[in-house]
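Asker: quick one, structure for this:
(one chain, ligands or ions: 2)
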Amino acid sequence: MSLLIINIKELLQVRDQHILQVSGKEMGILPTIKNAFLLIEDDIIRDFGSMDNCPNKTPDRIIDAQGKMVLPTWCDSHTHIVYSGHREQEFVDRIHGLSYEDIAKRGGGILNSAKKLQKTSEDDLYEQSIKRVKAVIKMGTGALEIKSGYGLTVDAELKMLRVIKRVQDNFPIPIKSTFLGAHALPSEYKDNKQGYIDLIVNEMLPQISKEQLADFIDVFCEKGYFNLEDTEIILNAGKQYGLTPKIHVNQFNTFGGVALGVKHHALSVDHLEELNADDINSLIGSQTMPVALPSCSYFLSIPYTPARKLIDAGLPLALASDYNPGSTPSGNMNFVVSTACIKMKMTPEEAINAATINGAYAMGLANEVGSITKGKKANVMLTKAIPSYHYLPYAFGDDHIEMVIINGTPINY
Ligand SMILES: N=CN[C@@H](CCC(=O)O)C(=O)O
Ligand SMILES: [Zn+2]
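Answerer: Ligands and ions are numbered 1, 2, ... in the order given. Below is the predicted model:
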């Protein structure tokens, strides 16, 4: 099966194979080809270039993209898209003045979602979750990471991870799975944190490893959740089972979580709404990708990750949605990219790099997706006719996507 897209107004994010992420000033450059073609064979990007060099062969299908852009699909490296029920009452409570921390302290928040998920059957959880997965793919997401962490018992964490596995098996996009048993302390363990950590280490991890249910290990390293010492124990345990760290740090407080992530060769450190000079210095020279979640800042009215400080220090940055029922009930990466430009002062070039190639890196998929590169998966999207690619983040809230192509096939969810 071959698909040739011709007369593309501008083909965005064209890269050589060896570019696996971009940092600092390079983030401000988005390589493009104007008046371009893109040739897809089966599920792979086979060729691309200027229309002057368009191959003279007859493909199975031709799409004329006059006036339209083509770019790689979004790579959303941080989601909690598998969950049960919703938390709109907490949203209203926050409007009335309660904070995210206040709500968590009175047993709401993550524990509220855990209560709902524990009572939900695996089939129901799967059905609830795939509605969201279909919706985000339709909005241009072509690679996804999904975390557990709303189970908080052995059975419920395994249920979540098995649902993630079913999603991986039944959807055509690459999906990475993260074990986040250390998302919150269940109320039964409120005076026995060590007991819960032991449960994670001695019961959850061996079973997860046996069933091969996770790629990454995550911890919510935050005051009132898991401290540096707890985080280190859990990361070390995960590493023994071959899970790479990828952690929640600095959402509300800075106390060395970023440096700890770097020390453990975390693939990414995510949130970073609070960030000091030591945090930034610890990332310099590391292989760890900082990840910002602007929709979470927007929804909770907390600070935005200081993208300019990170990029101006020569660092890379990825953008992800954080799709979850508490802090970010949205998986729309188009909104993420717009919000990064509007609120974090990222340029459109920086934001598109952060949501594609750097997002792919942040979930270990940079060899497969995230750029228009020969040999990568043909996960690309075609925009509607728009004046320029700056228009994508500029005209925020509008749907600019005409077609999402996954593995060379237009999706029709
Ligand atoms: N902060 C920790 N975890 C999620 C939110 C979880 C929730 O409130 O349900 C996040 O990344 O924002
Ligand atoms: Zn999260």
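
Asker: would you mark the buried spots in stretch 87-97?
Answerer: 87, 90, 93-94 (16 or more other Cβ atoms under 10 Å). Where C-beta positions appear, they are placed from N, C-alpha and C, glycine not excepted.

Asker: and it, average pLDDT?
Answerer: Mean pLDDT, computed over stretch 87-97, is 95.

Asker: please apply the same query to stretch 225-236.
Answerer: Rounded mean pLDDT across stretch 225-236 is 98.

Asker: again, but for stretch 37-50
Answerer: 98.

Asker: which one of the buried residues of stretch 87-97 is nearest Lys68?
Answerer: The shortest approach to Lys68 among the buried residues of stretch 87-97 belongs to Arg87, at 38.1 Å (Cβ to Cβ).

Asker: now do the contacts for that closest one.
Answerer: By Cβ atoms under 8 Å, 6 or more residues apart in numbering, the residues touching Arg87 are 108-109, 112-113, 325-326, 329.

Asker: then Val133?
Answerer: 81, 144, 167, 171.

Asker: where's it, which helix or strand?
Answerer: helix 122-138 (DSSP states H and E).

Asker: still on that earlier bit, which of the contacts of Arg87 come close to ligand 1?
Answerer: Counting by Cβ under 6 Å from any ligand atom, 109, 113, 325-326 from those sit close to ligand 1.

Asker: closest one to ligand 1 out of those residues, please.
Answerer: Gly326 (2.3 Å; Cβ to the nearest ligand atom).

Asker: wait, a helix at the closest one?
Answerer: No: going by DSSP: H, G, I helix; E, B strand; the rest coil, the assignment for Gly326 is coil, not a helix.

Asker: could you tell me what pLDDT the model assigned to it?
Answerer: On the pLDDT scale, Gly326 gets 97.

Asker: where's it relative to Ala237, distance?
Answerer: 26 Å (Cβ to Cβ, to the nearest Å).

Asker: which of those two has more neighbours?
Answerer: Gly326 (24 against 19; other Cβ atoms under 10 Å).

Asker: so the more buried one sits against Phe91, correct?
Answerer: No: counting by Cβ atoms under 8 Å, Gly326 sits too far from Phe91 to count as a contact (9.0 Å).

Asker: number of residues surrounding Asn56?
Answerer: Residues near Asn56, counting by other Cβ under 10 Å: 5.

Asker: next one: the one 3 residues further on
Answerer: Neighbour count of Pro59, defined by other Cβ under 10 Å: 16.

Asker: check contacts around it.
Answerer: Shown in contact with Pro59 (Cβ under 8 Å, 6+ apart): 2-4, 39.
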